[in-house]
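[1] from the sequence below, what's the structure:
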Amino acid sequence: MTSPRTADLRRETSESSIRLSIDLDGSGQSSISTTVPFFDHMLTAFAKHALVDLTVEAHGDTAIDVHHTVEDTGIVLGQAIRSALGDKSGIARFGDALVPLDDALAQAVVDVSGRPYLVHSGEPAGFELHLIGGHFTGSMVRHVFEAITMHAGLTVHLTVLAGRDPHHIAEAEFKAFARAFRQAVQLDARVQGVPSTKGAL
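    So this is what the prediction gives:
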């Protein structure tokens, strides 16, 4: 029987407090509370479309900015993914997805490589300055994916191919990443051991 691919982590700093649990073999159930409503929406979408069960309880110095709470949650999510993957035996390893949301279209390619690398492009000029929902700066989208990829050990190429509405662009990015991630971490009965010629990921 395969060991449960789960993790339950805490992170406490002077800027934020994070508790997060993940089950990579879940059904998309989530309970998200970061005190940053749009980020809650994005993490809920990630869980739903990646088919992971995800619980997040986070709070921090949002009276200053949402940056610390959002980025630190991304860090813990990446750490939890890495922990839950274990030695990565039997995974598909690669995933890709092309996801539309009305005017927006995003593509994500994920490699559970063990080598952190993010290539992120295509967001329209000014996107990073836009306040989505009045509180979540567009620049935070990249920060979240940087935190996840660096701490999970993923190689991710994320490209915005079209889009006008900042909310739609951000959501298409999270959903594309979720779908590609779901493919990459799924167990494949035909894969024997770790899917690498090096024998380790």
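[2] where do the helices sit along the chain?
    Counting by DSSP state H, one finds helices in the chain at the ranges 37-50, 67-85, 139-152, 166-185.
[3] looking at these, spot the one closest to Ile18.
    helix 67-85 (4.6 Å; CB to CB). Any C-beta I mention is one placed from the backbone N, CA and C, and that applies to glycine too.
[4] any chance you could list what contacts stretch 161-169?
    For stretch 161-169, contacts defined as CB atoms under 8 Å, 6 or more residues apart in numbering pick out 38, 98, 101-107, 122-124, 127, 130, 132-133, 138, 160, 172.
[5] how long is it from one end to the other?
    Distance across stretch 161-169, first residue to last, is 9 Å (CA to CA, to the nearest Å).
[6] residues of it that come out buried?
    The neighbour-count check on stretch 161-169 (16 or more other CB atoms under 10 Å) flags Gly163, Pro166, His167, His168, Ile169 as buried.
[7] ok, Pro37 to Thr2 distance?
    36 Å (CB to CB, to the nearest Å).
[8] give me the more crowded residue out of these two.
    It is Pro37, of Pro37 and Thr2, that has more neighbours when counted by other CB atoms under 10 Å, with 16 against 9.
[9] do you know how far that one is from Ile81?
    For Pro37 relative to Ile81 (CB to CB), the value is 23 Å.
[10] and the nearest residue to Gly163 once chain neighbours are set aside, what does it touch?
    Nearest in space to Gly163, with sequence neighbours left out and distances taken as CB to CB, 6 or more residues apart in numbering, is Ala104 at 3.4 Å. Residues in contact with Ala104 (CB under 8 Å, 6+ apart) are Val160, Ala162, Gly163, Arg164, Asp165, His168, Ile169, Glu171, Ala172.
[11] so what pairs up with Ala104 in the strands?
    Under DSSP bridges, the beta-bridge partners of Ala104 are Leu101.
[12] if I look at it, how far off is Arg164?
    8 Å.
[13] low pLDDT regions in this protein?
    In the predicted model, the chain carries pLDDT under 70 at residues 1.
[14] in the sheet, who's paired with Ala58?
    Here Ala58, judged by DSSP bridges, has bridge partners Ile18.
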